[in-house]
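*Asks:* Sequence and predicted structure are below.
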Amino acid sequence: MNTVLVVDDDKILGVMVKEILEFNNYNAIITKDPKTIKNQIVNNEIQLILLDKYIAGTDGTKVCASLKLDEKLQDIPILMMSALHEAEKECLEAGASGFIAKPFELEPFLAKVKKLIKQDHSIA
């Protein structure tokens with residue numbers, strides 16, 4: 001089963017996204033702390049990172065750029081999300097594989113998840 005790491009400090013949204021993913025046959029792991037991302041990746045077979053632009057006082061684009069500089073992690077696709085629609089360009093420039101604006105509609109969200117996971121960028 002494909003595993004998605006959800007990185008968001010909004011507990012309600014995190015749980016909702018986890019349930020949506022699991023209902024659609026994905027495994028989902030939630031973390032609210034961007035400092036635990038690398039540890040989560042090492043301990044789990046992650047095929048996709050769903051990363052919020054603003055999380056726990058941290059700029060998600062900096063987290064994304066840092067992950068993309070790590071040779072062991074750089075191939076894992078990152079789908080960034082934000083309530084700020086104008087954040088898309090900044091997220092993509094940081095190395096995100098895709099962007100989705102919050103609140104998002106279910107079908108486009110699942111289509112992006114499926115597309116990014118199909119590219120098979122896992123670090124298995």
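*Replies:* Perfect, I can see it now. For clarity, every value in this text was computed on a predicted model and none was experimentally measured. Numbering: from 1, shown residues only.
*Asks:* quick one: strands adjacent to the helix or strand Met80 falls within?
*Replies:* Following DSSP states H and E, one finds Met80 within strand 78-82. With DSSP bridges as the test, strand 78-82 is paired with strand 48-52 (parallel), strand 98-101 (parallel).
*Asks:* Tell me the first helix or strand C-terminal of the first one.
*Replies:* Same thing as strand 48-52. In N-to-C order, the element after strand 48-52 by DSSP H and E is strand 54-55.
*Asks:* Might you list the low-confidence residue ranges for the protein?
*Replies:* 120-124 (pLDDT under 70).
*Asks:* Which residue would you name as the spatial centre of it?
*Replies:* Leu50 (1.2 Å; C-alpha atoms, centre = their mean).
*Asks:* which residues touch that residue?
*Replies:* 4-8, 17, 78-79, 81, 113 (C-beta atoms under 8 Å, 6 or more residues apart in numbering). Any C-beta I mention is one placed from the backbone N, CA and C, and that applies to glycine too.
*Asks:* switch the cut-off to 10 Å
*Replies:* By C-beta atoms under 10 Å, 6 or more residues apart in numbering, Leu50 lies in contact with 4-8, 14, 17-18, 21, 28, 30, 77-81, 98, 100, 109, 112-113, 116.
*Asks:* all helices of the chain, in order?
*Replies:* Along the chain, counting by DSSP state H, helices occupy 11-23, 37-43, 60-69, 88-93, 106-118.
*Asks:* Run through the residues that contact Val17.
*Replies:* Val17 makes contact with 4, 6, 8, 10, 28, 30, 50, 81, 104, 109, 113 under the criterion C-beta under 10 Å, 6+ apart.
*Asks:* That concludes my questions; thank you for your assistance.
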